[in-house]
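>>> Sequence and predicted structure, then a few things I'm wondering about:
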Amino acid sequence: FQVKSENQKTIWNTEEVPEGSEFDDTWDPREQPEYEILFKQQVGTEDVFFGMSRKDPSTACCEDMVIKIKLPETKVSDITLDIQDKVLDLRTPQKKLLLHLPCPVDSKNGKARFLSEDNLLEVTLRMTREFDFINFA
């Protein structure tokens, strides 16, 4: 039994490195902002009044994840936001947030809006869980 390696000097494969570890910087002195994660689902009359679908109020029936991040004394031009399938990386001159998301998301089709009167960044991401094609058929 012999294991082939592309480079004999490597001590790990790229598959072994957790997603988002390239953003991790433990020496960064910036403070982590306050945030909350909410779950959102689309319901219609047939769901609420008639119970025609299998939806219930649990997070298993939610389609979107909403992350609200408080950023006091921040301008929208100061915000750098990077979304991966399982990681959200936000940086401003004063704050830094590296958030490992509770479930995978569609990183290419999210929405973000900055509410300047509340100093709040609201990021909405569509979740891509393994069995969603069954739950939302």
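Structure received.
>>> What residues sit buried inside stretch 90-102?
Within stretch 90-102, the residues scored as buried using 16 or more other CB atoms under 10 Å are Leu90, Arg91, Thr92, Lys95, Lys96, Leu97, Leu98, Leu99, Leu101. Any C-beta I mention is one placed from the backbone N, CA and C, and that applies to glycine too.
>>> now what about that stretch, what contacts it?
Stretch 90-102 is contacted from outside by 20, 23-25, 28, 30-33, 35, 37, 65, 67, 69, 71, 73-74, 78-82, 86-89, 121, 125, using CB atoms under 8 Å, 6 or more residues apart in numbering.
>>> now do stretch 35-45
Identification of contacts with stretch 35-45 by CB under 8 Å, 6+ apart yields 55, 59, 61-70, 97, 99, 102, 124.
>>> Just those: which are in strands?
Under the assignment DSSP state E, the contacts of stretch 35-45 contribute Asp64, Met65, Val66, Ile67, Lys68, Ile69, Lys70, Leu97, Leu99, Thr124 to strands.
>>> Give me the below-cutoff pLDDT ranges for this protein.
For the chain, the stretches flagged by pLDDT under 70 are 1-8, 12, 14, 17-26, 43-60, 131-137.
>>> now the helices for this structure?
Per DSSP state H, the chain carries helices over the ranges 45-48, 132-135.
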